[in-house]
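Peer 1: Sharing a model that was predicted from the sequence below.
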Amino acid sequence: MNNRVFTVGSLIPGRLIVKPQVAVPTKSKKIKTEEITVEQNGSKIEIHPVKGKLLDAALNQGKQINYKCRKGTCGQCTVKVIKGTGLSAPNEQEQKKLKNELTNGHRLACQAEIL
């Protein structure tokens, strides 16, 4: 298929100017996805990172994580992050509920966002 670009000047009889359009290949960025490993009640849980809440990602992948309120107030979904990066910084609710446990790698699965 020949894609022609017409300009006002090219419409004058005898002055047809065809500018070829060349497709420029682009490099697609491959995003390294690292599994996130958390621990809850002595059980290790591996979660494939997908954008959204850590709890939702785990549940959608059939992983069992204890939870109750989904608001960050009950603390039932507290997990310890063993391996993995790409989580949001702890929000205000996590800071309020977990306090010093944040420094030990604990997070609320219902509040931690996978970036």
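Peer 2: Received it, and whenever you're ready, just let me know what you need.
Peer 1: Does residue 56 belong to a helix, a strand or coil?
Peer 2: Secondary structure, DSSP: H, G, I helix; E, B strand; the rest coil: residue 56 is helix.
Peer 1: Likewise for the one 3 residues further on?
Peer 2: Under the three-state scheme (three-state DSSP), the conformation of residue 59 reads as helix.
Peer 1: how about the spatially closest residue to it that is not a sequence neighbour, what does it touch?
Peer 2: Nearest residue to residue 59, sequence neighbours excluded (Cβ to Cβ, 6 or more residues apart in numbering): residue 65, at 6.9 Å. Where C-beta positions appear, they are placed from N, C-alpha and C, glycine not excepted. With contact taken as Cβ atoms under 8 Å, 6 or more residues apart in numbering, residue 65 is in contact with 38, 40, 45, 55, 58-59, 77, 79, 109.
Peer 1: Could you tell me which other helices and strands the helix or strand residue 39 falls within packs against?
Peer 2: Assigned by DSSP states H and E, residue 39 belongs to strand 36-40. Under the contact criterion of 3 or more Cβ pairs under 8 Å, 6 or more residues apart in numbering; DSSP states H and E, strand 36-40 touches strand 43-47, helix 54-60, strand 78-83.
Peer 1: from the ones you listed, which stretch is densest packed?
Peer 2: helix 54-60 (a mean of 20; mean count of other Cβ atoms under 10 Å).
Peer 1: Show me what that one is in contact with.
Peer 2: The contact list for helix 54-60 (Cβ under 8 Å, 6+ apart) reads 36, 38, 45, 47-50, 64-65, 67, 70, 77, 79, 87, 107, 109-110, 112-114.
Peer 1: now do 7 Å
Peer 2: Contact with helix 54-60 is made by 45, 47, 49-50, 65, 67, 77, 87, 109-110, 112, 114, as judged by Cβ atoms under 7 Å, 6 or more residues apart in numbering.
Peer 1: in its sheet, what does the strand holding residue 39 sit against?
Peer 2: Strand 36-40 has its sheet partners listed here by DSSP bridges as strand 43-47 (antiparallel), strand 78-83 (antiparallel).
Peer 1: closest to residue 97 out of these?
Peer 2: Closest of the strands paired with strand 36-40 to residue 97 is strand 78-83, at 8.0 Å (criterion: Cβ to Cβ).
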